[in-house]
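Participant: Give the three-dimensional model of this entry:
(chains A and B)
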Amino acid sequence: MITMDSTRSSGEPLLFEVSTDGARAVDLPGSDVPTAPLDAAFTSAAAPPLPEIGQLDLVRHFTHLSHRNFSVDDNFYPLGSCTMKYNPKVNEWAAALAGFANLHPMQSEADCQGALALLYHLRVFLQEIAGLDEVSLQPCAGAHGEWTALKVIRAYFRDHGQSKRRIVLAPDTAHGTNPASCAMCGAGVVTIKSQADGLTDLGDLKAHLNEEVAAVMVTNPNTVGKFDSHIGEMAELVHKVGAMLYLDGANMNAILGIARPGDFGVDVMHYNTHKTFSTPHGCGGPGAGPIAVRSKLAPYLPVPQVVKLSDQFQWDHNRPKSIGKVRSFWGQYNVLVRAYTYIRACGAGGLRDVSESAVLAANYLAQRVKHVYPLPYGPADGKPMATNPCAHEFITVPKAVIDRGVSIMDIAKNLIDRGFHPPTVHWPVHDCLMIEPTETESKASLDAFADALLQIAALSETNVEQLRQAPVHQSVRRLDEVGAARKPVLRWSAK
Amino acid sequence: MNYVQFTAAQRKEMLKSVGAESIEDLLRQVPAEFRLKSPLNLPAEMDELTLRSHLSELAASNVPAGQQVCFLGAGVYDHFIPTVVDHLAMKGEFLTAYTPYQAEASQGSLQAFFEFQTMVCQLTGMDVSNASLYEGATALAEGVLMALNVTGKRQVLVSQGVHPHYRQVLQTYLSDLPTEFKDLPLKNGTTDLQELQSFLEDDTAAVVVQSPNFLGHLERVDTVAKFVHANSSLAIQVFHPLSLGLLKKPGEMDVDIAVAEGQPLGIPMQFGGPYLGLFACKSEHMRKMPGRLVGQTVDIEGRRAFCLTLQTREQHIRREKATSNVCTNQGLLALRACVYLAAMGPQGMREASQLCHNKAAYLAERLAKAGLSLRFKGTAFFNEILVKLNRPVDQVLSKARSAGVLAGYAVGQHYPELADCLLVAVTEQRTKAQIDALVDLLK
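Facilitator: This is a model prediction of the structure:
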């Protein structure tokens, strides 16, 4: 256990530590009406003990903090499965337009025709991209979309006298949200095995399919970066027992305009607008997780739905079979404005080029490093990527480097010191790096990243100890995360 | 424009290096039968100039509250947003970063979330806060799920004074689980405390009240908590964050879980989202909390540092046994609230709260002089009042709308017995002149 050395805590102080009695960053107008007393039973004697700080010091504090973050604006961020593509500035411009930003959600529909039109058209675009019949824009994020979609499936089966369908099958490489969302819907989860080549084991799937299965959740392209060519057979098997095929849309960035989930047998899916449609990740949110379904599931979608009646856009609250409301008001509106702006900027051709370029970038990067960073799901040794290509991301398990005593985390921390955000680590398989370059990086930035990976591997032959020290160029070095969880300190307290 | 930077020559070179003649060689993995045969049926691409005109036009076909005089509340409020909030929260280093999994590359957002968690505790008087949830209604649903989990009981009692959307969302969350949801009735606009006592059962996991409640009235949350604790159940309060510059904190009233919509803390109304779910509780429930948590630790040289912690509660490790499926916080909005609270400070919060209350009280007094009364006289309120009108609510609303005023919210759609009432919210942004003009429109 390492203890805090106050002489070394020379980092940015906490707001509370620089609080000065009486300092202020903003002023408010005086009251133009009499002060109204309130019953003491309801009032607090003291104002909340928030920090007190002047405006310039406040600006400097958050500016200093901003310097301690890697971001897409500043760094290559090849975080597998997260699609850290460029977030176009015009999206931010659009979201900040007063006509959107200052709209109260309870205003009359007549006041909100532009906002509703945008939602309606986005709904139609997402239906088309999915090849499915109806989209709900309500869910707050991908995981919330999953949960919403599973509720929709449950409601459909209940309505069709099949309440006993309570089992959801998901592959062992599924995102952790898949089983967690199932549990929140009262559904049981059974794990399906993957084969050595990364594709679903159809035999294992068959063995688990029966009339208690409500849905099979898949990610395609899957989480090891391969398009699952079994998808047609899977859909057939799933539909034969009357279950639904659910697609986790995390990897839609690989197939825009190339293939549509509805066409390959998917009944219901969610999008992550922050992955596929360039809305910013914002240190972890806000996201948005629209869901798309076949028409038989549409009556169960959450209320309200945006609809067009003659020339007017409206909210339809009258959907008696709906699962109900899944959040207050109408959705992550200003996130959806950004997604709409992006889809309009790209158009049909541009979206297809997004996916083609994302696939090209991943294969190019894999090709550059695979002689040192082997690909368990890639081509045979010495063969080019085109003989067994990846989709928009790939997994490497650099066994030789690890055998020299360098851990995956060591590689990640060395990338940080070289100015790159590390790829996803240890997921979906142990000791892997999962690399998703996205389509918006330049060739020069892909090359620089490949060079860094190769340098680290080369260094593992001569100086393992140096690699284990990283990072050394950041504001902090490696953290005691075990200690953080053992004795959690979740807030500052006055001594 | 799709923001791809490869030139034609580079594409050719890259294809060659991977052994492909064309991009088709890399797309072969998608079986031919599933390949899209024609382009997506979407509008053509747009250059930035055309795109901006198009979006300007869409935005201009709205008549936002910002262009009118806004007395509309009902859970979303037209509060003042200091300029520094927009400026700092829009910095690309925050905007375009992801969840801070790699702590050494994310100390900026991690420290900001630690400060956010601390300020939510200071504001609410609660022991611990998470790094935020989606928005108010889902924060309440997560709070109720946590209470069910903590107590092992099955029943939830929810006051009818809780925002109707929140009650609907809670019902959706509970509908496939072995739980029972019961409405607690109101009496004179606040939760009927006698009924509460008779509703409490052995199997009651939690009681949910909102204060100020949806009708604007302050609840005796301390009394509710006392009754609820005597029954070994948990008390959950939905609060209004900007009221806490003035009102008793949830912690002072001994509630177990406090949740709220954080929109009043520097977040634009933006047509309903994205907003910010605030979630705080007593420390004994820390390990059962949903959502991201940031903790303080040290690096190998003993320097203070921050990281995501208690991740064994979470879906990416615990899968179906996780405390929630939530895997994001509302990072950027938590950052906005963090800047807002620091900018306002204790004095600013006190003044903003007092201004809101003063102006609502002034409106109530002016209305009384004009012969219009509050629906429930003598019931304490913060900044939202329920006015009984002498004319049909729709008529009054449309007359006000023609004068460029959003006069309030017609509560009859949720409370049929209050069909003649208008819920009017007054924030620190409204002036005496605007309030006087509203009184004339409501008469």
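Participant: For burial, what's the neighbour tally of residue B:49?
Facilitator: Residue B:49 has 8 neighbouring residues, counting by other CB atoms under 10 Å in any protein chain shown. For glycine as for every other residue, the C-beta is placed from the backbone atoms N, C-alpha and C.
Participant: close to chain A, is the helix or strand containing it?
Facilitator: Assigned by DSSP states H and E, residue B:49 belongs to helix B:48-60. Yes - using CB under 8 Å from any CB of the partner chain, helix B:48-60 reaches chain A at B:48, B:51, B:52, B:54, B:55, B:56, B:57, B:58, B:59, B:60.
Participant: and what of stretch B:232-244?
Facilitator: Yes - Stretch B:232-244 lies within reach of chain A by CB under 8 Å from any CB, at residue B:244.
Participant: list the buried ones in that stretch?
Facilitator: B:233, B:234, B:235, B:236, B:237, B:238, B:239, B:240, B:241, B:242, B:243, B:244 (16 or more other CB atoms under 10 Å in any protein chain shown).
Participant: Ends of that stretch, what's the gap?
Facilitator: 27 Å (CA to CA, to the nearest Å).
Participant: and that stretch, what's its mean pLDDT?
Facilitator: Computed over stretch B:232-244, the mean pLDDT rounds to 98.
Participant: and the residue of the stretch 351-495 of chain A nearest chain B?
Facilitator: residue A:384 (2.8 Å; CB to the nearest CB).
Participant: Report how many residues lie close to that residue.
Facilitator: Other residues close to residue A:384 by other CB under 10 Å number 17.
Participant: Between which two of the residues of helix B:48-60 next to chain A is the distance greatest?
Facilitator: Maximum pairwise distance in the residues of helix B:48-60 next to chain A, criterion CB to CB, is 18.0 Å, between B:48 and B:60.
Participant: where along the stretch 251-400 of chain B do the strands fall?
Facilitator: Listed in chain order, the strands of the stretch 251-400 of chain B (DSSP state E, counting those that start in this stretch) span B:257-261, B:277-281, B:294-298, B:304-308, B:384-388.
Participant: now the strands for the stretch 101-250 of chain B?
Facilitator: B:128-129, B:155-159, B:180-184, B:186-187, B:190-191, B:204-211, B:234-239.
Participant: Pull the contacting residues for residue A:319.
Facilitator: Residues counted as contacts of residue A:319 (CB atoms under 8 Å, 6 or more residues apart in numbering or on different chains) are A:299, A:301, A:303, A:304, A:305.
Participant: was I right about the fourth one contacting residue A:313?
Facilitator: No - taking contact to mean CB atoms under 8 Å, the distance of 11.7 Å between residue A:304 and residue A:313 leaves them out of contact.
Participant: What distance do you get for residue B:181 to chain A?
Facilitator: Residue B:181 sits at a distance of 12 Å from chain A (criterion: CB to the nearest CB, to the nearest Å).
Participant: Just grab the bridge partners of that residue for me.
Facilitator: Listed by DSSP bridges, the beta-bridge partners for residue B:181 are residue B:156.
Participant: Tell me how many other residues surround it.
Facilitator: 16.
Participant: show me what contacts it?
Facilitator: Taking CB under 8 Å, 6+ apart as the criterion, residue B:181 is in contact with B:155, B:156, B:158, B:170, B:171, B:174.
Participant: Number of residues surrounding the fifth one?
Facilitator: This means residue B:171. 16.
Participant: Quick one: residues contacting the closest residue to residue A:472 other than its chain neighbours.
Facilitator: Leaving aside its sequence neighbours, residue A:472 sits nearest to residue A:417 (CB to CB, 6 or more residues apart in numbering or on different chains; 6.2 Å). Contacts here follow CB under 8 Å, 6+ apart; on that basis residue A:417 touches A:470, A:471, A:472, A:473, A:474.
Participant: How about residue B:195?
Facilitator: B:184, B:185, B:187.
Participant: How about the contacts made by residue A:91?
Facilitator: So residue A:91 contacts A:278, A:279, A:280, A:337, A:338, A:341, A:342 (CB under 8 Å, 6+ apart).
Participant: Which element, helix or strand, includes it?
Facilitator: helix A:89-95.
Participant: Quick one, grab the pLDDT at the residue of the stretch 351-495 of chain A closest to chain B.
Facilitator: On the pLDDT scale, residue A:384 is placed at 98.
Participant: Neighbours of the nearest residue to it once chain neighbours are set aside, how many?
Facilitator: Using CB to CB, 6+ apart and skipping residues adjacent in sequence, the residue nearest residue A:384 is residue B:19, 2.8 Å away. If you count neighbours by other CB under 10 Å, residue B:19 ends up with 17.
Participant: Residue B:317 now?
Facilitator: Neighbours of residue B:317 under the rule other CB under 10 Å: 11.
Participant: residues touching it, list them.
Facilitator: Contacts of residue B:317 by CB under 8 Å, 6+ apart are A:176, B:311.
Participant: any idea how far the closest residue to residue A:92 other than its chain neighbours lies from residue B:147?
Facilitator: Leaving aside its chain neighbours, residue A:92 sits nearest to residue B:90 (6.9 Å; criterion: CB to CB, 6+ apart). Applying CB to CB, to the nearest Å, the value for residue B:90 to residue B:147 is 37 Å.
Participant: where in the stretch 201-350 of chain B is pLDDT low?
Facilitator: Within the stretch 201-350 of chain B, the set of residues satisfying pLDDT under 70 is empty.
Participant: My read is that residue A:83 contacts residue A:437, right?
Facilitator: No - look at residue A:83 against residue A:437 with CB under 8 Å: they stay out of range, at 10.1 Å.
Participant: Next, work out how far apart the residue nearest the centre of chain B and residue A:47 are.
Facilitator: For chain B, residue B:261 is the residue whose C-alpha lies nearest the centre (CA atoms, centre = their mean; 2.6 Å). For residue B:261, the distance to residue A:47 (CB to CB) stands at 21 Å.
Participant: do residue A:13 as well
Facilitator: Counting by CB to CB, the gap from residue A:13 to residue A:47 is 22 Å.
Participant: More neighbours: which of these two?
Facilitator: Applying other CB under 10 Å to residue A:13 and residue A:47 shows that residue A:47 carries more neighbours, namely 21 against 14.
Participant: Tell me if residue A:275 really is in a strand.
Facilitator: No - if the criterion is DSSP: H, G, I helix; E, B strand; the rest coil, then residue A:275 is helix and not within a strand.
Participant: what's the burial count for it?
Facilitator: 23.
Participant: again with the one 10 residues further on
Facilitator: Residue neighbour count, defined by other CB under 10 Å, stands at 31 for residue A:285.
Participant: Then the one 4 residues further on?
Facilitator: A total of 28 residues lie near residue A:289 under the criterion other CB under 10 Å.
Participant: ditto for residue A:454
Facilitator: By other CB under 10 Å, 15 other residues sit near residue A:454.
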